[in-house]
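> Model the structure of this input:
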Amino acid sequence: MIWKVRKSVLKGTISVPPSKSHTIRALLIATLADGESIIESPLLEGDGKSALDAALGLGAQADIAGSTLRLKGVWPDMSRGPECLYLGNSGTGTSLFTSAAALGSKPRTFDGDQSLRSRPMKPLLEALGRLGARYAIHQKKGDVPFTITGPLKGGETEVVAVNSQFLSSLLLSAPLAEKETIIIVKNLHEKPYVEMTLWWLDRMNISYAVSENFTVFTIPGSQRYKNFRRRIPGDFSSATFGAVAAALTGGPVTLDNIDFTDPQGDKEVFAVLEHMGVAVEKRNDSAVVSRSDTLKGAPIDLNRMPDALPALAVLGCLAEGSTALCNVQQARIKETDRIKVMCEELGRMGALVEEREDGLVVHASRLTGCRVNGHYDHRVVMALCLAGMIAEGETIIETAEAAAVTYPGFADDFKKAGANIEVGE
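Numbers count the residues shown, from 1 in each chain. Below is the predicted model of the structure:
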């Protein structure tokens, strides 16, 4: 699929889709729970569908009615379902469900598309190996596909958490291991996603202890998840694109279905926008964003919100001076190497952008529409669409279908708000 994008001015209201990160955690916990859980407004397309497929693959039973999902968990039988799980493009789903699969004694093989096969998984597999699991990696040049076999027994392990999903995976499944688990954490990035995981553990009444700097976690064993009912909040990572679009094109744009009391790290993007000169009005369950007279470049530490890099790289093109997006080296191990890809694709459009080991430096630039490639990365596709809204002429974006991974209605929502997007084959 391609998108053809021309200059646009966005105004109106955009309803932010459900959070992918919350949805996958809810699906995992419901799978491991005893009884039927009710999840309201989950994201069940793209990565959410992959996670639901993984839940069903572990033996959970699902019933979907409208925007409500009823999921019957598998506890205490952790060895139901088929031996092979296909997770498509979902790195989060793969990471989180790997530890869950290791709770049972059945060998489980995880696989996915070409992008997923390029993602690192060995740090998590090694950490699980120290807790009683066995694993085998089935290709020489990557970590996926792999097979994991439990059951987890508990004990002490360490994990390199440059991808925070590895730590979240251990934290979500360790309570169900027989014995106490101690996790030594090294090189933690994306801390807010771990805080989100702890938010879920707190609401499930799971006991744990954590050191002040998040370097040591202690989780008692033989705990249980009970069935629950919870509504999935809006996704701040997706809200970033509407907020940046308003800042780029004028606005005002009202973003509905977001809760600033939620633990999602990407809500900090709104503070970044204000610092750069964007007008932001926060309300109870929404925010109104519009462009001010002047956008100012600034150094921005993105370690806590790496998914914002593609959109903020586009915003940097209209900001006075330079915008340094730094301390976000983990952006290189997402669906693509987002640092490299955004540098290349914005460069094709005329952006003055420098690639650094841990991020990008973007200078004020005039963009010209051309043919660009989203590299099957949902956030890159949506960011390039924002670039097309401020570029001269027409921008054609390849692999635009990837946006559906986290934001299935992106094109329709933005067109209703004034975006000049034409969808083609």
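> wait, doesn't A247 sit right on V278?
Yes. In terms of C-beta atoms under 8 Å, A247 counts as a neighbour of V278; the distance is 4.4 Å. No exception for glycine: its C-beta is placed from N, CA and C like everyone else's.
> Buried residues, the lowest-mean-pLDDT helix or strand in the chain. List them.
Scoring the helices and strands of the chain by mean pLDDT, DSSP states H and E places helix 114-117 at the bottom, with a mean of 92. Burial within helix 114-117, assessed by neighbour count using 16 or more other C-beta atoms under 10 Å, is assigned to S115, L116.
> Ok, stretch 211-221 next?
By neighbour count with 16+ other C-beta under 10 Å, stretch 211-221 contains the buried residues F214, F217, I219, P220, G221.
> for the closest residue to P252 other than its chain neighbours, what are its contacts?
Leaving aside its sequence neighbours, P252 sits nearest to S290 (C-beta to C-beta, 6 or more residues apart in numbering; 3.8 Å). Contacts were defined as C-beta atoms under 8 Å, 6 or more residues apart in numbering; by that measure S290 touches A246, A247, G250, G251, P252, V253, V278, A279.
> Walk me through the domains of this protein.
2-17+234-424, 20-224 (automatic domain parsing).
> Run through the helices of the chain in chain order.
Secondary structure of the chain (DSSP state H): helices located at 20-32, 47-57, 91-101, 114-117, 122-129, 164-173, 191-203, 236-249, 269-275, 309-316, 338-348, 378-390, 410-416.
> Mind telling me which of those the model trusts least?
Among those, helix 114-117 carries the lowest mean pLDDT, a mean of 92.
> hang on, isn't S21 packed against Y193?
Yes. S21 is within contact range of Y193, at 6.5 Å (criterion: C-beta under 8 Å).
> higher neighbour count, the two?
S21 (28 against 25; other C-beta atoms under 10 Å).
> Using JSON lines, lay out the helices of the chain together with distance to T323.
Compiled in JSON lines, the helices of the chain are given as follows (distance: least, C-beta to C-beta, whole Å):
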{"stretch": "helix 20-32", "distance to T323": "26"}
{"stretch": "helix 47-57", "distance to T323": "28"}
{"stretch": "helix 91-101", "distance to T323": "27"}
{"stretch": "helix 114-117", "distance to T323": "27"}
{"stretch": "helix 122-129", "distance to T323": "31"}
{"stretch": "helix 164-173", "distance to T323": "24"}
{"stretch": "helix 191-203", "distance to T323": "21"}
{"stretch": "helix 236-249", "distance to T323": "12"}
{"stretch": "helix 269-275", "distance to T323": "10"}
{"stretch": "helix 309-316", "distance to T323": "3"}
{"stretch": "helix 338-348", "distance to T323": "12"}
{"stretch": "helix 378-390", "distance to T323": "14"}
{"stretch": "helix 410-416", "distance to T323": "23"}
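> Going by neighbour count, which residues in stretch 141-152 are buried?
Within stretch 141-152, the residues scored as buried using 16+ other C-beta under 10 Å are G142, D143, V144, P145, F146, T147, I148, T149, G150, P151, L152.
> separation between the residue nearest to the fifth one when sequence neighbours are not counted and I148?
Take F146 and drop its neighbours on the chain: the residue closest to it by C-beta to C-beta, 6+ apart is I137, 4.7 Å away. Remark: distance between I137 and I148 (C-beta to C-beta, to the nearest Å) = 10 Å.
> between those two, what contacts are shared?
Common neighbours of I137 and I148 (C-beta under 8 Å, 6+ apart) are L125.
> thinking again about what came up before, so which of A247 and V278 has more stuff around it?
Taking neighbours as other C-beta under 10 Å, A247 and V278 compare with A247 leading, 29 against 23.
> ranges for the strands of the stretch 151-300 of the chain?
Here the stretch 151-300 of the chain has its strands, by DSSP state E, counting those that start in this stretch, at 155-160, 181-186, 209-210, 216-219, 229-231, 253-256, 279-282, 286-290, 299-301.
> so can I have CSV of those showing distance to G48 and mean pLDDT?
Converted to CSV, these look like this (distance: least, C-beta to C-beta, whole Å; pLDDT from 0 to 100):
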stretch, distance to G48, mean pLDDT
strand 155-160, 25, 98
strand 181-186, 27, 98
strand 209-210, 28, 98
strand 216-219, 26, 98
strand 229-231, 14, 97
strand 253-256, 20, 98
strand 279-282, 27, 96
strand 286-290, 23, 97
strand 299-301, 29, 97
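> Please tell me how far the residue lying closest to F166 once chain neighbours are set aside sits from N187.
The shortest distance from F166 to any non-neighbouring residue, by C-beta to C-beta, 6+ apart, is to L124 (4.2 Å). Computed as C-beta to C-beta, the L124 to N187 distance reads 14 Å.
> So for the two, which sits in the more crowded spot?
L124 (29 against 11).
> Tell me if I'm right that the more buried one and A100 touch.
No. Contact criterion C-beta under 8 Å: L124 and A100 do not qualify, at 11.9 Å.
> okay, and the common contacts of these two?
Taking C-beta under 8 Å, 6+ apart as the criterion, L124 and A100 both touch S169.
> Could you list the residues in contact with the least confident helix or strand of the chain?
By C-beta under 8 Å, 6+ apart, helix 114-117 touches 87-91, 94, 111, 139, 142, 144-145, 335-336, 376-377.
> same thing but at 10 Å, please
Residues outside helix 114-117 that contact it (C-beta atoms under 10 Å, 6 or more residues apart in numbering) are 50, 86-91, 93-94, 110-111, 139, 141-145, 334-336, 375-377, 402, 405.
> Could you check stretch 7-27 and say which residues are buried?
So, applying 16+ other C-beta under 10 Å, buried residues of stretch 7-27: 7-10, 14, 16-27.
> what does stretch 160-178 give?
Neighbour counts using 16+ other C-beta under 10 Å place 160-177 of stretch 160-178 among the buried residues.
> First-to-last residue distance for it?
Counting by C-alpha to C-alpha, to the nearest Å, you get 24 Å between the two ends of stretch 160-178.
> Run the chain-centre distance for that stretch.
Averaging C-alpha positions (C-alpha atoms, centre = their mean, to the nearest Å) puts stretch 160-178 16 Å from its chain's average.
> Near the residue nearest to F146, how many other residues are there?
Neighbourhood size, I137 [other C-beta under 10 Å]: 14.
> which residues sit in contact with it?
Shown in contact with I137 (C-beta under 10 Å, 6+ apart): M121, K122, L125, D143, V144, P145, F146, T147.
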